[in-house]
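Colleague: This is a predicted model, with the sequence first.
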Amino acid sequence: MIRADFYEKQGLLTGFEFSGHSGYAEAGEDVVCAAVSSAVQLTVNILDSLGVTTDIKVGENVISCKVKGNDKDAAVILEQLRLHFEAILEEFPNTINITISEV
């Protein structure tokens, strides 16, 4: 299962950490993992193109992104990513565990 941890501060999303494998299909054939990876890459690229200052870390099967400061535009983009993950989860149950933690 993909673990999708979103971070929230004062009611605004400020970052995320995603890890794991959905288990929907074998690696390289998994449409859920592909959808999540693509959405995460798009989100990071949009934040970068808007000039949002972020701290991004990529490791083996894990990526984290933390927005510096309290950026409302970034929060809107991160909220859309969360909603996208919920839509994926609705179509492919038991593949993503979504949590939101106050930081």
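Modeller: Sure thing, it's come through. Numbering: from 1, shown residues only.

Colleague: how about the strands in this structure?
Modeller: For the chain, strands defined by DSSP state E occupy the ranges 2-9, 12-19, 54-59, 62-67, 96-102.

Colleague: Switch those strands over to JSON lines; also include mean pLDDT.
Modeller: Output for those, formatted as JSON lines (pLDDT from 0 to 100):
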{"stretch": "strand 2-9", "mean pLDDT": "97"}
{"stretch": "strand 12-19", "mean pLDDT": "97"}
{"stretch": "strand 54-59", "mean pLDDT": "96"}
{"stretch": "strand 62-67", "mean pLDDT": "97"}
{"stretch": "strand 96-102", "mean pLDDT": "97"}
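
Colleague: and of these, who's closest to residue 79?
Modeller: Nearest of the strands of the chain to residue 79, taken as C-beta to C-beta: strand 12-19 at 5.5 Å. (Glycine included, C-beta is placed from N, CA and C.)

Colleague: what's the closest non-adjacent residue to residue 72?
Modeller: Residue nearest to residue 72 in three dimensions, not counting chain neighbours: residue 12, with 6.6 Å by C-beta to C-beta, 6 or more residues apart in numbering.

Colleague: Likewise for residue 25?
Modeller: residue 31 (7.0 Å).

Colleague: pLDDT value on residue 84, please?
Modeller: We have a pLDDT of 98 for residue 84.

Colleague: neighbours around it, how many?
Modeller: Neighbour count for residue 84, taken as other C-beta atoms under 10 Å: 17.

Colleague: dump the residue contacts of it.
Modeller: With contacts defined as C-beta atoms under 8 Å, 6 or more residues apart in numbering, residue 84 is in contact with residue 39.

Colleague: With residue 40 instead?
Modeller: Counting by C-beta under 8 Å, 6+ apart, residue 40 has contacts 16, 18, 63, 81.

Colleague: Okay, the closest residue to residue 55 other than its chain neighbours and residue 56: tell me how far apart.
Modeller: Of all residues not flanking residue 55 in the chain, residue 66 sits nearest, at 4.6 Å (C-beta to C-beta, 6+ apart). Distance, residue 66 to residue 56, using C-beta to C-beta, to the nearest Å: 8 Å.

Colleague: Look at those two and report which has more neighbours.
Modeller: Neighbour totals were compared for residue 66 and residue 56, and residue 66 leads with 15 against 12 (other C-beta under 10 Å).
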